[in-house]
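1. 3D model of this:
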Amino acid sequence: MLTASGQIPGPIVWPTPNNAFMRGEDVSKFIQPTVSGRVSSGLYGCVRNDGNRFHEAVDLFPIFRKPNGEPDEPVYAVMKGVVVYANGVASRSSYGCYVVVEHPEADVPVYTLYSHLASVAEGISAGTAVEAGRVLGQLGRSASYDIPKERAHLHFEIGLRISDDFNTWYSEQDYKDPNYFGLWNGMNLSGMDPLSFYLSIRGGSFESFKKHITAQAVGSKIRIFTDKVPDFATRYPMLLGRELSLDRGIVAWDVAFTQYGMPIGMTPWYRGELEPSTAGAIELIQIDEALVQKTACWRTLVKKGSGYEVGRFLQRYLKLMFAY
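-> Here you go, the predicted model:
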């Protein structure tokens, strides 16, 4: 168990019984690699398919197994929160059986997500309040695809939710399946590096989720011209770059994204501060080109001629936020 001097609701636990991280051991002692065998492939970032595929979590292997080789250990809530979603039908999602916990008492109400569970624990459902260390389910290998038992693992995420109106956006897309997962569909979630968070806790440098989130490097900043106030801004007002003043008349927003497309800051612009433009028009106003090129697997920005344009992934987030 870890304690943090910063703004976290109570103690922090590791999500599995493996204490290797707590003992300061190498990542190879707790990270489950893909079939490639490279330990880095189980970390966060452009780590899959020779750096061409993004992984939005860390994958943690089990240390206890049954005689038949299946994992035999619990998965824990990492800190105090409330269960907001539990999926017990593995075939419906690439996450398999998964549980999402929101942490409203944190200074930024982040979510944590626990997937590929063999089963969801009894009593764990939407609305269940949990303390750090509460068993959420059993570590497993469930998914809508096959995960061999030798690579069973917990896929663990920490992040932010993009929109309260995700269902409207989803219904307008050409998807064959209904949205079984409500607001907790993976397309509506944006994660940061869980290991970076734990390292800051263990090293004593963690002060708050706000500082941890906003300290991430800005890969790009995009300006969108609209008078709408996204629910992202009202859900995470602590990530605003300036005071929100509705009576001044909003004309545009600047949204800062990490190189992987996680929104980490928003700034409103008011009447008289910017020249007006067509509603829904977007401009790329800042880019860390070296950073974006280095982590291009998620294609948040796409090279076009001598410059860049906003890629499909960030377009989706902007549309979810602003419904333009």
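2. quote the end-to-end distance of stretch 52-59.
-> 18 Å (Cα to Cα, to the nearest Å).
3. repeat that for stretch 258-278.
-> Termini of stretch 258-278 sit 26 Å apart (Cα to Cα).
4. same check, this time on stretch 20-33
-> Rule used - Cα to Cα; the end-to-end distance of stretch 20-33 is 16 Å.
5. distance of the closest residue to Gly51 other than its chain neighbours from Val120?
-> Excluding its sequence neighbours, the residue lying closest to Gly51 (Cβ to Cβ, 6 or more residues apart in numbering) is Cys297, at 6.1 Å. Placement of C-beta: from N, CA and C, glycine included. With distances taken as Cβ to Cβ, to the nearest Å, Cys297 is found 31 Å from Val120.
6. one more: Trp169?
-> Relative to Val120, and taking Cβ to Cβ, Trp169 is found at 27 Å.
7. again with Asn167
-> Taken as Cβ to Cβ, the span from Asn167 to Val120 is 23 Å.
8. between the two, who's got more neighbours?
-> Val120 (20 against 16; other Cβ atoms under 10 Å).
9. for the more buried one, give me its contacts.
-> When contacts are counted by Cβ atoms under 8 Å, 6 or more residues apart in numbering, Val120 touches 86-88, 97, 99, 136-137.
10. looking at the chain, which residue ends up farthest from its center?
-> Largest separation from the mean C-alpha position in the chain: Gly272, at 35.6 Å (Cα atoms, centre = their mean).
11. what's the helix or strand for it?
-> Counting by DSSP states H and E, no helix or strand carries Gly272.
12. so what pLDDT did it get?
-> Gly272 carries a pLDDT value of 92.
13. quick one, strands of the stretch 101-250 of the chain?
-> According to DSSP state E, counting those that start in this stretch, the stretch 101-250 of the chain carries its strands in the segments 111-117, 119-120, 129-130, 135-138, 154-161, 189-192, 220-224, 250-257.
14. test my guess that Cys97 contacts Val75.
-> No: Cys97 is beyond contact range of Val75, at 10.4 Å (criterion: Cβ atoms under 8 Å).
15. the more surrounded of these two?
-> Per other Cβ under 10 Å, whichever of Cys97 and Val75 has more neighbours is Val75, with 28 against 24.
16. what bridges to the more buried one?
-> Gly137 (DSSP bridges).
17. report the contact partners of it.
-> 15-16, 99, 114, 117, 135-139, 154.
18. so how far is Phe61 from it?
-> For Val75 relative to Phe61 (Cβ to Cβ), the value is 12 Å.
19. what's the closest non-adjacent residue to Glu273?
-> Val251 (7.3 Å).
20. shared neighbours of Cys97 and Val75, which are they?
-> 117, 137.
21. count of neighbours near Tyr180?
-> Around Tyr180 there are 11 residues (other Cβ under 10 Å).
22. and it, how close does it get to Lys319?
-> The separation that Tyr180 has from Lys319, given Cβ to Cβ, amounts to 21 Å.
23. wait, Glu131 sits on Val83?
-> No: assessed by Cβ under 8 Å, Glu131 is found out of contact with Val83, at 11.8 Å.
24. between these two, which one's more packed in?
-> Neighbours per residue (other Cβ under 10 Å) separate Glu131 from Val83, with Val83 holding more: 21 against 14.
25. what helix or strand is the more buried one located in?
-> Val83 belongs to strand 81-87, assigned by DSSP H and E.
26. ok but Thr16 is inside a helix, no?
-> No: judged by DSSP: H, G, I helix; E, B strand; the rest coil, Thr16 forms no part of a helix; its state is coil.
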